[in-house]
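A.B. asks: any chance you could fold what I've pasted below:
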Amino acid sequence: MCLYRDFDGDLLFVLDEPTMIKGVDMSIPVTMDVQDKITVEPDYYNIDSIEKLIINNSSNRIGEYSNYSSCYHNKMKKTEKTKKIHDDYISTLSIFVGKEVDASKTGIRFNLPKAIAKYARPIPYFMKYRSPYYATLRDFNKYRSNMNAMCFKIENWERKIKYTRTYDNFDYTIMIDEGVEDNQDVMDKIEKIYLEFVNLSQDLIIEQRNLNTYGDNRIKQVKDKNNLTIKEAKDLNRYEKAKEYIQDNYLNVNKKFAKEYQVDWAYYYEDYKDKLLKITSNKKLIVNCIVKLCYEKYPKKSKKILWAVVGDWLPNNIEAITHNIPYRDDNGDIEILGERYSLKEIKSEV
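C.D. replies: Purely as a prediction, here's the structure:
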């Protein structure tokens, strides 16, 4: 949006991109502020006036009003009447943003009508990624607006990458040092430690989840349990289960402590590292055993012990191999994006 093109130094950003231009609705009427030049009454130039000016200009509500506008743009319009109301709110907000932008020059700041602020919420789902603060909110408008739909697609794409098992054909044997002799007695003892760690990890995760849920003040008990939304019912059910877990396992729990509780994983990692070293001081043998347990005997169980507990020892089990990597060479035989490259042989360092 370009405002105040009066050649007084304002910067303009002009974009000639067909994809972006196609998304602009040219039928939307232009909103104009017919009182854009009004200012406050003149005041005396003294310390009190300067102090008042600095205080008034120490903050602005440009971001707040812009966010309200985003909320209305991403709401579902069930009727033409609702659409007209939302469009009028958006136009009003554009006036208020202009007033906030010029407030330091004009001294004029309007108070936003309460109805506009009230009905803007909840914020659209995609804004949860706007800042860490928004990420902590629980209630979002999930109407499939363009921005929300794009956000859902990106999340779905991320989940596929994050949770799809891409290691089905992974050659885990590269982590096994074939030069280390097997020891069945050591393997049996490490297996007990491995299973103990897997079960403990599950218990600790459940403990933290229940404590955090119990301490979450946003989940409130509702008197009328027959008149709940699906989300409220799920939250209440989680809270009741967490409360039952706390009562069964603790005498007294402070709500603040429960809300902020985090498992000290570093302590447990070091503890189990010490337990493994008491079985044998041969770190390569320990890694061999755990790799075989994780990928051969218990492929569906957690592999956290491999990466978090003995991960520091793992590189020593991997044999250094030779790689060919490309480097820039004007006379090279390989062409990539108009540049020529040759291959250089290097040996990996682990």
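A.B. asks: tell me where the longest helix sits in the chain.
C.D. replies: Secondary structure of the chain read by DSSP state H shows that its longest helix is helix 184-215.
A.B. asks: check what pLDDT Asp48 gets.
C.D. replies: If you check Asp48, the pLDDT there is 87.
A.B. asks: returning to what we had before: what comes up buried for the helix or strand that the longest helix of the chain is followed by?
C.D. replies: For helix 184-215, the following helix or strand on the C-terminal side (DSSP states H and E) is helix 230-249. Across helix 230-249, burial judged by 16 or more other C-beta atoms under 10 Å covers 235-236, 238-239, 242, 245-246. Every C-beta, even on glycine, is put in place using the N, C-alpha and C of the backbone.
A.B. asks: and helix 230-249, how far out from the chain's middle?
C.D. replies: 25 Å (C-alpha atoms, centre = their mean, to the nearest Å).
A.B. asks: what about the strands in this structure?
C.D. replies: 322-328, 334-336, 339-347 (DSSP state E).
A.B. asks: who are the packing partners of the longest one?
C.D. replies: What that stands for is strand 339-347. With contacts defined as 3 or more C-beta pairs under 8 Å, 6 or more residues apart in numbering; DSSP states H and E, strand 339-347 has these neighbours: strand 322-328, strand 334-336.
A.B. asks: and that strand with strand 322-328, angle?
C.D. replies: 150 degrees (axes from the mean of the first three to the mean of the last three C-alpha atoms, to 10 degrees).
A.B. asks: circling back: mind checking which of the helices and strands packed on strand 339-347 is nearest Pro132?
C.D. replies: Among the helices and strands packed on strand 339-347, strand 322-328 comes nearest to Pro132, with 38.3 Å by C-beta to C-beta.
A.B. asks: pull the closest one out as PDB, backbone CA atoms only.
C.D. replies: C-alpha atoms of strand 322-328 as PDB (Å, rounded to 0.1, in the frame of the first residue of the first chain):
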ATOM      1  CA  THR A 322      37.400 -41.900   0.800                       C
ATOM      2  CA  HIS A 323      35.000 -39.400  -0.800                       C
ATOM      3  CA  ASN A 324      35.100 -37.600  -4.100                       C
ATOM      4  CA  ILE A 325      33.800 -34.000  -3.800                       C
ATOM      5  CA  PRO A 326      33.500 -31.400  -6.600                       C
ATOM      6  CA  TYR A 327      35.600 -28.200  -6.700                       C
ATOM      7  CA  ARG A 328      35.600 -25.200  -9.100                       C
END
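A.B. asks: quickly run through the sheet partners of that strand, with directions.
C.D. replies: strand 339-347 (antiparallel) (DSSP bridges).
A.B. asks: could you dump the strand it pairs with to PDB, C-alpha only?
C.D. replies: Provided in PDB are the C-alpha atoms of strand 339-347 (Å, rounded to 0.1, in the frame of the first residue of the first chain):
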ATOM      1  CA  GLU A 339      30.000 -23.600 -13.900                       C
ATOM      2  CA  ARG A 340      32.700 -26.200 -14.500                       C
ATOM      3  CA  TYR A 341      34.000 -28.600 -11.800                       C
ATOM      4  CA  SER A 342      36.400 -31.400 -11.200                       C
ATOM      5  CA  LEU A 343      36.400 -34.100  -8.500                       C
ATOM      6  CA  LYS A 344      38.900 -34.100  -5.600                       C
ATOM      7  CA  GLU A 345      39.600 -37.200  -3.500                       C
ATOM      8  CA  ILE A 346      39.500 -36.700   0.300                       C
ATOM      9  CA  LYS A 347      39.500 -39.000   3.300                       C
END
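A.B. asks: so which bits of that strand are buried?
C.D. replies: Going by neighbour count (16+ other C-beta under 10 Å), the buried part of strand 339-347 is Tyr341.
A.B. asks: contacts for that strand?
C.D. replies: 320-335 (C-beta atoms under 8 Å, 6 or more residues apart in numbering).
A.B. asks: how distant is it from the center of its chain?
C.D. replies: 38 Å.
A.B. asks: mean confidence for it?
C.D. replies: 82.
A.B. asks: how about stretch 249-267?
C.D. replies: For stretch 249-267, mean pLDDT rounds to 82.
A.B. asks: for that stretch, how far is the first residue from the last?
C.D. replies: 22 Å (C-alpha to C-alpha, to the nearest Å).
A.B. asks: contacts for stretch 117-124 next, please.
C.D. replies: 67-68, 70-72, 74-75, 89, 134, 137, 139-141, 143, 145, 147-148.
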